[in-house]
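**Q** build me a model:
(chains A and B)
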Amino acid sequence: MVAAKKPAEVRITGAKLPPIPLPTNCPGCGVSLDHEVLRRHAYVCACGHHFRLGADAWIALIADRGTWKERYGDVRSHDLLNWKVPKPYQVTLDQLRDEGLNEAVRTGTCALGGREIWLATFDFRFVGGTLSIVAGERLARGMEQAAASGLPYVLVTASGGARMQEGVLALMQMAKVNAAVGRLDVARVPFFSVLTDPTFGGTAASLALLADINIAEPGAAIGFTGPRVIKQATYADLPPGFQSADFQLARGQVDMVVPRPELRRLLAHLLEVYP
Amino acid sequence: MTTHGRRPDETTLTVWQVVELARHPDRPYSLDYIRRMAPDFIELHGDRISGDDPALAGGIGTWHGRPTMFLGHQKGRSLKERVARNWGMMHPEGYRKAIRLAQHAAKFNFPIISLIDTPGAYPGAGAEERGIAAAIARAIMEWFRIPVPIVAAVIGEGGSGGALGMGVADRVIMLENSIYSVASPEAAASIVWRDNTRKVEAAEQLQLTSRDLLAMGVVEEVVPEPEGSARTDYEATAVALDEALYRHLNQLLKQPTDELLQHRYERFRYIDSLIQAEPHFGPKI
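**A** As a prediction, the model looks like this:
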């Protein structure tokens, strides 16, 4: 009889999360928010409301402290289609870069509970986390590397879909990244997807829901067409909770709905189970 | 180059006029082409899971002496047929049917022709409830594994992920007055300005005409349409489309399967490299 291995202590977050802008009161329960308390709880209110995190916070949350190695960060977007309205796309890109954001997807390698992985995380603050040429390129390269090296691939999504300002080339990123998911699949590399609020359009209809295990955050809205467009197109009354994480769980699209403070422990466990 | 003496880049139409031609109710639809190309076409139905999607027609026909799998969005001509066909907007069952028929084609080593003509996947509650996002995602991934040649042609509207779900192929060509876009001009205007009446401006920004896509390297060829567009001469358009599709397919039939699949992967993997190398080629309007 071998005693069960005592699971290593896995903290809620790998490193201290960066401060994020928060409203004074929780939109979930109305209580006034204490930033430091929230930060220690991975920005989840006691009522269960999950605040949206940017890529920097997700990296701090998932990666073991000091292990993050960003890759392909120098691959940058440009205004390729001369997009001028409502404001020039290049101006949008430059402003976001001045705010310290580096595209809608960041990717790299890190450790999680001591196990080396590839991590890619969307950032909703960068043009709504939209799938762009650079986002697609970073995702595809990372997945190709993961497929070649056998490192498990962890994805965190928060995206409105494909980026309008890059036209049909943004649409083509769905094919590019799904082709790469196929490579991960053939290589039998574990692929875990964490779907956060919101995950829609071309991101939901490409790699987000194709993982070996799909994990949704409580309250996350996940779907293809947004509720506003559905109402416009079909005059349908959508019931409360339509396209929520629980809705997708009930309809078989995600394996589980996991609160953020339990996510890291779950991922660490999965990485032990899946070779 | 063309039998009609007019090259596609000599068009004088505005972008919005092209959008209207692409959506014209008298424009030939997939079955108009398929029945001309393969008069013995037999339609096959169903995803073998839960339903059949009439927005996608699919089946087998003999084409240039070879059994061929034809798939195509079908919009419907009369109001009754439009409702039945759901204006060519597919539900999850349609994408599952497409992959079932593609795997069926692969089993018997039949090449596949996919004709694209859809405003997009159906933006309704039922499609969401039955997992439209995952259905499109899975279809896109599976197309990369289908071990027979695939040639796709945009014959009218190539709208968003709903079109791409049928558009992963070894070659993709477009009829001259067709469009292919990340979102419909109305949807793009709604996203950019929250005002879908600014569709003309959006269309001009999106670079969605066949010439734009050819210049970007997203499609291999633009097939010229007769004077007055495809709706004025179904027969001539079908002959031109047939010729172009077969010319591409014929090259693909000679390729070993592993090479075919590797090229298909690379086609989409490096699809943006042309424009990356040549920034600011800008709208031509």
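**Q** what is the burial count for residue B:256?
**A** Residue B:256: 8 surrounding residues under other Cβ atoms under 10 Å in any protein chain shown. Where you see a C-beta, it was placed from the backbone N, CA and C, and this is true even at glycine.
**Q** residue B:50: how many residues sit nearby?
**A** Considering only other Cβ under 10 Å, residue B:50 is surrounded by 11 other residues.
**Q** hmm, residue B:93 and it touching each other?
**A** Yes. Shown here, residue B:50 and residue B:93 form a contact pair, counting by Cβ atoms under 8 Å, at 6.2 Å.
**Q** elements contacting whichever strand or helix holds residue B:163?
**A** Using DSSP states H and E, the element containing residue B:163 is helix B:160-164. If contacts are counted by 3 or more Cβ pairs under 8 Å, 6 or more residues apart in numbering or on different chains; DSSP states H and E, helix B:160-164 sits against helix A:167-186, helix A:201-203, strand B:112-118, helix B:132-143.
**Q** which residues touch that helix?
**A** Identification of contacts with helix B:160-164 by Cβ atoms under 8 Å, 6 or more residues apart in numbering or on different chains yields A:162, A:171-172, A:174-175, A:201-202, A:205-206, A:224, B:89-90, B:116, B:118-122, B:136, B:140, B:154, B:157, B:180-184, B:187.
**Q** can you list residues touching both of residue B:50 and residue B:93?
**A** residue B:130.
**Q** low-confidence stretches in chain B?
**A** By pLDDT under 70, the weakly predicted segments of chain B are B:1-11, B:275-285.
**Q** point to the residue nearest the middle of it.
**A** residue B:116 (2.2 Å; Cα atoms, centre = their mean).
**Q** number of residues surrounding the residue of the stretch 1-150 of chain A found nearest chain B?
**A** Residue nearest to chain B within the stretch 1-150 of chain A: residue A:82 (3.8 Å; Cβ to the nearest Cβ). Each residue near residue A:82 was counted by other Cβ under 10 Å, and the total is 15.
**Q** relative orientation of the host helix or strand of residue A:194 and helix B:132-143 in degrees?
**A** Taking DSSP H and E as the criterion, residue A:194 maps to strand A:191-199. Relative orientation of strand A:191-199 versus helix B:132-143 (axes from the mean of the first three to the mean of the last three Cα atoms, to 10 degrees): 140 degrees.
**Q** elements contacting strand A:191-199?
**A** Under the contact rule (3+ Cβ pairs under 8 Å, 6+ apart), strand A:191-199 is packed against strand A:153-159, helix A:167-186, strand A:213-216, helix A:260-273.
**Q** just put these in TSV and tack on distance to residue B:272, mean neighbour count and mean pLDDT.
**A** Shown next, in TSV, are the helices and strands packed on strand A:191-199 (distance: least, Cβ to Cβ, whole Å; neighbours: other Cβ atoms under 10 Å in any protein chain shown; pLDDT from 0 to 100):
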stretch	distance to residue B:272	mean neighbour count	mean pLDDT
strand A:153-159	18	28	98
helix A:167-186	5	25	97
strand A:213-216	27	23	98
helix A:260-273	32	18	97
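**Q** chain B: which of those is closest?
**A** helix A:167-186 (4.2 Å).
**Q** angle of that closest one against strand A:153-159?
**A** Using the same axes, to 10 degrees: helix A:167-186 against strand A:153-159 is 150 degrees.
**Q** just how off-centre is helix A:167-186 within its chain?
**A** 16 Å (Cα atoms, centre = their mean, to the nearest Å).
**Q** sorry, back to before: let's have the helices and strands packed on helix B:160-164 in CSV, adding distance to residue A:155.
**A** Formatted as CSV, the helices and strands packed on helix B:160-164 follow (distance: least, Cβ to Cβ, whole Å):
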stretch, distance to residue A:155
helix A:167-186, 10
helix A:201-203, 10
strand B:112-118, 28
helix B:132-143, 13
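**Q** closest to residue A:104 out of these?
**A** Across these, the minimum distance to residue A:104, taken as Cβ to Cβ, is reached by helix A:201-203, at 9.2 Å.
**Q** identify the bridge partners of the nearest residue to the residue nearest to the centre of chain B once chain neighbours are set aside.
**A** Nearest non-adjacent residue to residue B:116, counting by Cβ to Cβ, 6 or more residues apart in numbering or on different chains: residue B:154, 4.6 Å away. Beta-bridge pairing for residue B:154 (DSSP bridges): residue B:116, residue B:174.
**Q** neighbours around residue B:154, how many?
**A** Residue B:154 has 29 nearby residues by other Cβ under 10 Å.
**Q** so who does it touch?
**A** Residue B:154 touches B:116-117, B:163, B:167, B:172-175, B:178-180, B:210, B:219, counting by Cβ under 8 Å, 6+ apart.
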